[in-house]
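Student: The sequence and its predicted three-dimensional model are supplied below.
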Amino acid sequence: MEMSLNQLTDETLMRQYAKGDFAAFELLYERNKGGLYRYLLRQLHQESLAEDIFQEVWGKVISNAESYNESAKFTTWLYKIARNKVIDHVRHINVVSKVIDSNNHHNAGHTDLDEEHHSTELFMHDSSLSPEKKHLQQTQAEAIDYCLNKLPAHQLDCFLLREEGGFSLNNIAQIVNTNLEAAKSRLRVAYRNLRICLTQKMDVTAQAAELTSASSSVAKPAAAKSGGQTYE
Amino acid sequence: MNSQSNDDSEFSQDQYFVSELYLNGNKPRPSKNIDSAVLAMAKQQITVKPLWRRWQYAGSVAASVLIVSFLLMRNQTEITQELTQQDTFMADVSVPRQSNQEKESAIGSIESSNAGNAAQAPIAKSHSLIAEVDPMRNENRFSLDKKEQERINVVAARVSRLKEDKSNYMDSLSKQTEAIFKQVQVAKQKFEELKLRDQAAAQSSRMKIEELSLLQKKRNELKVEQSSESNYENLQNALFEKLLEQKSLSSDWKLSEKYINVLTLEQIRKLRRQ
């Protein structure tokens, strides 16, 4: 009885690739590429840099395929490589956060505009959504981007490992080289901070939207009135 | 316990809220170019590998064959070298080699002259010559062994002589060592004696010094005694003169008994006479 590739675990797929099965690697890549890319992008905040490191990580996976120890979880190994690459690149995750903070500080307006543009662009292509829904999603995406940028680097690391890698606390602790309690604490604080930030951000946006709609509704009759007056 | 469960429920609420928003949010993915680059890298890796795998067995077999043939060739050359050395050694042996060579050359000439000829007589001749040569070869070998044995005997004799010389030298060396040791012992004894003598001399000199000091002390005492004696005499004389003066002044003066013990006999006489 032969199992299809989709039913195989990442570890088995990796072993099959090491034996020369390219299809196994394709599936393995397809399963893990999105999460890994976002893990890098959210931390590095620069698309080209994230892509470079993304390629380096997969290059390392490919070159070390034969020496891969199947007893270790594949995703743990993959994200560990990715994390080490990030640290190698910016020397230390704290330095990364400083760099990010300073970049945000210098280019605050520009970044916000870019993100806004990017998010808008994404939702503009989705024609199935109603304008209200599009607006809501855009607001949420902007809020998430904003709040993730505000999160300290070590909390962001743990959060992304949880959300993008789907790791358990034990695995997160293993990847970030810390104990279980520290990882749990970081994750707890990360979620708490994000919730507070997102709530505030979305409230502010909603209030702004309400104000905009109210002002437009006030302005329209006034304009009509003034127009009428003009015609009159 | 209660606060722990509260914390956990808060954490799960936060997680639910944030995760829902995050999962509904923006999901960037790597570009197609990156995908194709990574997949090409992976493909290249597995196309390079089988090539090596295909060649690794053939390559290892070829390498092992080469090694074995090299070793065989090396052994063969060593054997041939040994054989040629033996041949040259045999040739050097002083035996009636000339006749053998002549016979062998005769065989050679017969064989060459009878090349292609099936006549039996020359072959028989050659066989007989070979039969003659073989015992001579054996003789040569025997003489060679004898010579070797002689050489070995000479060397053994030389070795035994050297051993004897060595043992003699060792004996003489031990004797010399013993003699030097005895001399050293004697010298040591003398040194000890001298040392003792020195010590005795030092002791006696120390004693003499002590004696001298004692004598000095006694002399000093005597000096003191002498000085007290003269003082005593002076006093005696003074007393005598006083007593004389008393006697001259009073008519019934008598020499008291107590003065008699102190004054000299002559002084007593003088006092009684006058």
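Tutor: Nice, I can see it.
Student: What's the local residue count around the residue in chain A positioned nearest to chain B?
Tutor: Nearest residue of chain A to chain B, counting by CB to the nearest CB: A:Y191, 4.0 Å away. For glycine as for every other residue, the C-beta is placed from the backbone atoms N, C-alpha and C. When neighbours are defined as other CB atoms under 10 Å in any protein chain shown, A:Y191 has 25 of them.
Student: Ok, A:Q43 next?
Tutor: 25.
Student: try A:L194
Tutor: 26.
Student: One more: the one 4 residues further on?
Tutor: Counted with other CB under 10 Å, the burial measure for A:L198 works out to 21 neighbours.
Student: for it, what are its contacts?
Tutor: A:A143, A:I144, A:C147, B:F17, B:V18, B:L21 (CB atoms under 8 Å, 6 or more residues apart in numbering or on different chains).
Student: The residue of chain A closest to chain B against A:F159, yeah?
Tutor: Yes. Counting by CB atoms under 8 Å, A:F159 is a contact partner of A:Y191 at 7.2 Å.
Student: Does whatever residue of chain B ends up closest to chain A lie in a helix or a strand, and which?
Tutor: Closest residue of chain B to chain A, CB to the nearest CB: B:D14 (4.0 Å). Here B:D14, judged by DSSP states H and E, is contained in helix B:2-24.
Student: Just after that helix, pick out the following helix or strand.
Tutor: helix B:32-92.
Student: Give me the mean pLDDT for that next one.
Tutor: Averaging pLDDT along helix B:32-92 yields 77.
Student: now that helix, how far from the centre of its chain.
Tutor: Computed by CA atoms, centre = their mean, to the nearest Å, the chain-centroid distance of helix B:32-92 equals 49 Å.
Student: swap in stretch B:160-170?
Tutor: With CA atoms, centre = their mean, you get 27 Å for stretch B:160-170.
Student: what pLDDT, on average, does that stretch get?
Tutor: 88.
Student: what comes up buried for it?
Tutor: Buried residues in stretch B:160-170, counted by 16 or more other CB atoms under 10 Å in any protein chain shown: none are found.
Student: Just the C-alpha atoms of that stretch, please, in PDB.
Tutor: Extracted C-alpha coordinates of stretch B:160-170, given in PDB (Å, rounded to 0.1, in the frame of the first residue of the first chain):
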ATOM      1  CA  SER B 160      83.900 -13.300  20.100                       C
ATOM      2  CA  ARG B 161      87.200 -11.500  20.200                       C
ATOM      3  CA  LEU B 162      85.500  -8.200  20.400                       C
ATOM      4  CA  LYS B 163      83.400  -9.600  23.200                       C
ATOM      5  CA  GLU B 164      86.400 -10.800  25.000                       C
ATOM      6  CA  ASP B 165      88.100  -7.400  24.600                       C
ATOM      7  CA  LYS B 166      85.000  -5.800  25.800                       C
ATOM      8  CA  SER B 167      84.800  -8.000  28.900                       C
ATOM      9  CA  ASN B 168      88.600  -7.400  29.600                       C
ATOM     10  CA  TYR B 169      88.100  -3.700  29.200                       C
ATOM     11  CA  MET B 170      85.100  -3.900  31.600                       C
END
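Student: which residues are in contact with the helix holding B:D14?
Tutor: A:Q137, A:Q140, A:A143, A:I144, A:E163, A:R188, A:Y191, A:R192, A:L194, A:R195, A:L198.
Student: Pick out the most distant pair among those.
Tutor: A:Q137 and A:R188 (27.4 Å; CB to CB).
Student: quick one: average confidence on the helix holding B:D14?
Tutor: 82.
Student: Mind splitting chain A into its structural domains?
Tutor: A:8-100, A:130-214 (automatic domain parsing).
Student: Make JSON lines from the ones you listed and add mean pLDDT and distance to B:A124 to it.
Tutor: Formatted as JSON lines, those follow (pLDDT from 0 to 100; distance: least, CB to CB, whole Å):
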{"stretch": "domain A:8-100", "mean pLDDT": "87", "distance to B:A124": "75"}
{"stretch": "domain A:130-214", "mean pLDDT": "86", "distance to B:A124": "97"}
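Student: Could I get those in TSV, plus columns for distance to B:A37?
Tutor: Shown next, in TSV, are the domains of chain A (distance: least, CB to CB, whole Å):
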stretch	distance to B:A37
domain A:8-100	6
domain A:130-214	21
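Student: Contact residues of chain B facing chain A?
Tutor: B:7, B:10-11, B:14-15, B:17-19, B:21-31, B:34-35, B:37-39, B:41-43, B:45-46, B:49-50 (CB under 8 Å from any CB of the partner chain).
Student: And those, which of them are buried?
Tutor: Using 16+ other CB under 10 Å, the buried members of these are B:11, B:14-15, B:18, B:21-22, B:25-26, B:30, B:34-35, B:37-39, B:41-42, B:45-46.
Student: can you list contacts of stretch A:11-28?
Tutor: With CB under 8 Å, 6+ apart as the criterion, stretch A:11-28 contacts A:5-6, A:8, A:10, A:62, A:65-66, A:68, A:70, A:73-74, B:39, B:42-43, B:46, B:49-50.
Student: make it 7 Å
Tutor: The contact list for stretch A:11-28 (CB atoms under 7 Å, 6 or more residues apart in numbering or on different chains) reads A:5-6, A:10, A:65-66, A:68, A:70, A:74, B:39, B:42-43, B:46, B:49-50.
Student: What strand or helix carries B:M136?
Tutor: Going by DSSP H and E, B:M136 is in helix B:120-249.
Student: again, but for A:Q140
Tutor: helix A:131-150.
Student: Provide the contact partners of the helix or strand following that helix at residue level.
Tutor: Scanning forward in sequence from helix A:131-150 by DSSP H and E, the next helix or strand is helix A:153-163. Contact partners of helix A:153-163, identified using CB under 7 Å, 6+ apart, comprise A:39, A:42-43, A:79, A:93-94, A:96-97, A:148, A:151, A:167, A:172, A:175-176, A:183, A:186-187, A:189-190, A:193, B:19, B:22.
Student: Put the buried members of these into a PyMOL selection.
Tutor: Remark: buried members of the contacts of helix A:153-163, expressed as a PyMOL selection using 16+ other CB under 10 Å:
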select buried, (chain A and resi 39+42+43+79+93+96+97+148+151+167+172+175+176+183+186+187+189+190+193) or (chain B and resi 22)
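Student: Let's see which of the contacts of helix A:153-163 end up in strands.
Tutor: Of the contacts of helix A:153-163, none are assigned to strands by DSSP state E.
Student: thinking again about what came up before, can you state the direction angle for the helix holding B:M136 and helix B:32-92?
Tutor: Interaxial angle of helix B:120-249 relative to helix B:32-92 (axes from the mean of the first three to the mean of the last three CA atoms, to 10 degrees): 100 degrees.
Student: Now do the following helix or strand past helix B:120-249: distance to the chain's middle.
Tutor: Tracing the chain C-terminally past helix B:120-249 and defining elements by DSSP H and E, one meets helix B:257-262 next. Chain-centre distance of helix B:257-262: 99 Å, with CA atoms, centre = their mean.
Student: Kindly report the same for stretch A:200-212.
Tutor: 24 Å.
Student: buried stuff in that stretch?
Tutor: Those would be A:K201, A:M202, A:T205, for stretch A:200-212 by 16+ other CB under 10 Å.
Student: Chain B contacts on chain A?
Tutor: Residues of chain A that fall close to chain B, judged by CB under 7 Å from any CB of the partner chain: A:20, A:22, A:25-26, A:29, A:33-34, A:37-38, A:41, A:51, A:54-55, A:58-59, A:62, A:119, A:122, A:137, A:140-141, A:144, A:163, A:188, A:191-192, A:194-195, A:198.
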